[in-house]
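**Q** A predicted structure for the sequence below; I have some questions about it.
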Amino acid sequence: MKKNLIIALTLALAMVMTSCGSMGTSTTSSASTATTSANYTAGQNAGQALRNLYTQYKASGKFDYTNINNIMSMMQIVAAAQTIKEAGKNTAAYKDFSKGLILGSTNLVTQSTADNVISTLTSQLGNVDTTSLQNAVSKGTTAATNVANVANSVSSIMSLFSK
């Protein structure tokens with residue numbers, strides 16, 4: 001059973017890193033909010049991960065480092081931060097990421113907080129080495145040296161939400 005969990009988590013991790021790791025060109029039209037860009041998808045994944053972590057954080061008052069799903073959510077956020085870190089604020093990539101972030105978080109991130117959230121993501125998590133996080137997931141443990149650092153950065157993002 002543990003072996004199946006490890007394999008499933010490794011495959012999920014590979015999919016997350018692949019889908020969030022590339023920059024795409026925007027296909028958003030100004031008349032439509034629908035988009036298919038990699039940046040929009042990365043933003044949406046980050047928003048969903050933030051929502052999941054926020055829900056757990058709000059319920060217990062702290063991050064549960066023993067939960068592999070939380071580590072995977074942190075990895076999604078780090079991958080998204082690395083995807084958008086080079087994009088300028090007025091670029092289509094940044095705007096697509098912002099739209100995806102708001103939608104993915106089900107409006108936990110709002111238009112007024114999106115810039116602060118993205119700024120925190122890119123400045124604190126844009127250069128995090130995810131090797132130890134990946135090892136923790138593949139081994140089914142929380143022995144990652146970066147888990148606490150990433151969680152602290154995510155905690156600072158949580159303080160931006162007034163909910």
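**A** It's in.

**Q** Show me the shaky parts of this structure.
**A** Across the chain, the ranges flagged by pLDDT under 70 are 1-35, 132-133, 136-137, 139-163.

**Q** Which stretches in the chain count as helices?
**A** Using DSSP state H, the helices of the chain run over 2-20, 38-60, 68-84, 92-104, 111-120, 131-139, 147-158.

**Q** how big is the angle separating the second one from helix 92-104?
**A** Here helix 38-60 runs at an angle of 40 degrees relative to helix 92-104 (axes from the mean of the first three to the mean of the last three CA atoms, to 10 degrees).

**Q** Can you work out which other helices and strands pack against helix 38-60?
**A** Packing partners of helix 38-60 (3 or more CB pairs under 8 Å, 6 or more residues apart in numbering; DSSP states H and E): helix 2-20, helix 68-84, helix 92-104, helix 147-158. Every residue, glycine included, has its C-beta placed from N, CA and C.

**Q** buried sites along that helix?
**A** Neighbour counts using 16 or more other CB atoms under 10 Å place 38-54, 56-57 of helix 38-60 among the buried residues.

**Q** can you check stretch 57-75 too?
**A** Within stretch 57-75, the residues scored as buried using 16+ other CB under 10 Å are 57, 63-64, 68, 70-75.

**Q** between these, which is closest to Leu125?
**A** Nearest to Leu125 among these is Met74, at 8.7 Å by CB to CB.

**Q** gap between that closest one and Thr36?
**A** For Met74, the distance to Thr36 equals 26 Å [CB to CB, to the nearest Å].

**Q** What sits closest to Val128 if chain neighbours are left out?
**A** Nearest residue to Val128, sequence neighbours excluded (CB to CB, 6 or more residues apart in numbering): Val78, at 5.0 Å.

**Q** Look at that neighbour and say how many residues are nearby.
**A** By other CB atoms under 10 Å, 28 other residues sit near Val78.

**Q** now it: how far from Asn70?
**A** 13 Å.

**Q** Could you do Gln44 as well?
**A** Shown here: Gln44 relative to Asn70, a distance of 19 Å by CB to CB.

**Q** right, and Leu108 touches Thr55 too?
**A** No: with contact defined as CB atoms under 8 Å, Leu108 does not reach Thr55; the gap is 9.0 Å.

**Q** Thr91: neighbour count?
**A** 14.
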